[in-house]
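> Sequence first, predicted coordinates after that:
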Amino acid sequence: MIFKCKNCGGNMVYNPERQVMYCPFCDSEGSHQRTDESLGDITVCPNCGGEIKLQEFTSATKCPSCDCYLILNERVEGEYAPKSIIPFRMGKETCKQAIREKFKTYRFAPTDFLSEVRLNEMQGVYVPFWLYDYDAHWDYQAEGVKLRSWTSGDIQYTETSYYDVQRDMDIRFQNIPVDASVQMPDDVMDLMEPYDYGQMVDFAPEYMSGFYAEKYNIDSASLEERAKKKMEEDAGILLNNSCSGYSTLKTIRRDLSLRDSSAGYGLLPVWKYLYRYGGKDYPFYVNGQTGKIVGEAPLSTKKVWAYSGTLWACLTAIIALLQVIVTHLP
Amino acid sequence: MDYKKEAVKQYLKYFLVWFIIIGALAVIAIVVTGVHAMVNNRPRSNQSAPAERVYDYAELLDADQEEQLRSQIARTERAIHMDIVIVTLRQPMEGEAAMQEFDAVSPYLEDVMEAYADNFWDENGYGYNKNFEGDGLILVDNVYEDQGYWQISTSGQAEDELSDWDINDLLDALESRYEDDNPYPAYSRFVSAVERELTPEKLSLPWWLIVLVPIVTALVYAFVNMSQKKAKDTTSASTYVSGGRPVMRGQRDDFIRKNVTQRRISTSSGSGGHSSGHSGGGGHHHSSSGASHGGGGRRH
């Protein structure tokens, strides 16, 4: 499907800042209509006839010839219909600004790293995520020890108190995200969190117009281990937090049971900037909702040498000159 | 866009302040060294003393060594504005006869040597700035039989500036390189030591500091600017918990029992310290001509 403007026929896109469908050609808002021809596994753009190369999991893309955003019906419907989506909140310009801000003090990046031209290559991508819910329950018992010590005269007293500690606790985890895209590195996606689920809405294809997207690459069952591990870690921390004040806890019973679990399919917004330098890719990811940036800037070895070397030379010169001045003062 | 040009521009902008500071310091350094050179160019003002500085009466040095010693002394004199005279002797300097001859206060070797050195200086009228109590010092080395003795006699500015400790250092320098059949290295070292002792002490950084500080700073700078983290983990254990916290269904913290142990604390008291100090006094005396001298000697 393609979203076209009723007024001018141009390609309408979702505007993150205004949160409306917007026509960049005639400036109208909300005047979109959907052309519903199924795009299937197309090889040519239905808008201009230009050649299109689809990748296996692509569900939304841009025609390289006419810059028209295409959404592939079959990959966002049926079993691939996302339940929910967090629409982009940050537009490209805001995102460019954020990246510039973050790396502006970073001296050793190649000069064109933050250039307009390079940053314009940035792409907004909806990344498929599985969002897991768990209804967990802790049944915990331990012997807790508290130590208290004080001094009277030259005698030091140590009091050891023993307690029966029990916790019966429900923890409802909601929407633990695990990215279902092979392309996206897991550690980066984890660092991109958290998303504000308060802005999560039911899925509608309109939000995808103007962006790239993938359908899930891997099903929810195969990815559940990661969510479960995260859930168990968090549950463990929360249990420990609830038992503070003891110097040691000797566990008697520690059972975590799951009463219910489910997984939902959602799309979360990510800006992606791929910078190639010295034959290596430096990917940057920006949370399309919160603006959190994940990525390491490339290092220009030349600049490291030039800047550190100059600093070294300057300092040596300054100290040497000071030495000359001091020893020759009357 | 030309990124090379842009990179150079950024680089120059970044280091501009540094370059300006260096430029300013360089100008100051040039001015200061110029002024220093002008002020320090104090020519010798005593024209009455002989030009000779090395009197090898005992014939311990060959002609080459004497020449080298003379030129070393000449260089040093220009630098520190002091006369330096070296005399070698091979003659009895102990007993009544010597005492009479050199007008000493006692027949002992120390006193005769002292009198000889003082008189030699005074009678020749040495001193960089004037011929009576002028600035400088004399070394007299006697190698006669068992009367081996070094006498250093100071005058004027040298007398004021050299403490007993300094004289001792000079004698140490002499002794460390002294060989009976070739005293030249010892004399040469003595002259260097005199230059070191009488060069006004200036605040001077040790060379390793000058080398090390910039290297360490540059390394730290490179490291700090190179290190970066992909991003901070901004999730917590309760990020995905509904309501932000767990629901406590039951909680018990029941006291069961306690026990108390006690331990005697051993106390230890501190100990006092010792301090020691040295104080040196001046070894000043007057020669027969009435001029004031300082200095000291040592048997060898």
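Everything's here; your move. Numbering: from 1, shown residues only, chains lettered A, B, ... in the order given.

> give the contact list for the residue found closest to residue A:156 once you drop the neighbours it is linked to in the chain.
Take residue A:156 and drop its neighbours on the chain: the residue closest to it by Cβ to Cβ, 6 or more residues apart in numbering or on different chains is residue B:263, 4.8 Å away. (C-beta placed from N, C-alpha, C; glycine too.) Applying Cβ atoms under 8 Å, 6 or more residues apart in numbering or on different chains, one finds that residue B:263 lies in contact with A:155, A:156, A:158.

> Helix, strand, or coil at residue B:263?
strand (DSSP: H, G, I helix; E, B strand; the rest coil).

> Which among the contacts of residue B:263 count as buried?
Buried members of these, scored by 16 or more other Cβ atoms under 10 Å in any protein chain shown: none.

> Take these and write them to TSV, including pLDDT and secondary structure.
What follows is the contacts of residue B:263, written out as TSV (pLDDT from 0 to 100; DSSP: H, G, I helix; E, B strand; the rest coil):
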residue	pLDDT	secondary structure
A:155	90	strand
A:156	91	strand
A:158	92	strand
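
> what's the closest of these to residue A:52?
residue A:158 (76.3 Å; Cβ to Cβ).

> Next, the contact list for residue B:238, please.
A:234, A:238, B:244, B:245, B:246.

> For chain B, what is the nearest residue in the stretch 1-150 of chain A?
Of all residues in the stretch 1-150 of chain A, the one sitting closest to chain B is residue A:111 (4.2 Å; Cβ to the nearest Cβ).

> Could you give the backbone dihedrals for that residue?
The phi/psi pair for residue A:111 (degrees, to the nearest 10) reads phi -60, psi -40.

> List the contacts of the residue positioned nearest the centre of chain A.
Central residue of chain A (Cα atoms, centre = their mean): residue A:192, 2.5 Å from the mean position. Listed by Cβ under 8 Å, 6+ apart, the contact partners of residue A:192 are A:270, A:285, A:287, A:292, A:294, B:231.

> What residues does the stretch 1-150 of chain B have near chain A?
Within the stretch 1-150 of chain B, the positions near chain A by Cβ under 8 Å from any Cβ of the partner chain are B:1, B:3-4, B:6-7, B:10-11, B:14-15, B:18-19, B:21-22, B:25-26, B:28-29, B:32-33, B:35-36, B:39.

> packing partners for the helix or strand where residue A:264 lies?
Using DSSP states H and E, residue A:264 falls within strand A:248-277. With contacts taken as 3 or more Cβ pairs under 8 Å, 6 or more residues apart in numbering or on different chains; DSSP states H and E, strand A:248-277 sits against strand A:84-85, helix A:92-103, helix A:116-119, strand A:123-152, strand A:155-179, helix A:220-242, strand A:280-287.

> Would you indicate which residues of stretch A:10-23 are buried?
Across stretch A:10-23, burial judged by 16+ other Cβ under 10 Å covers A:10, A:11, A:12, A:13, A:14, A:15, A:16, A:21, A:22, A:23.

> Then stretch B:228-246?
Using 16+ other Cβ under 10 Å as the test for burial, stretch B:228-246 gives B:228, B:231, B:235, B:237, B:238, B:239, B:240, B:241, B:242, B:246.

> Nice, that's everything, thank you.
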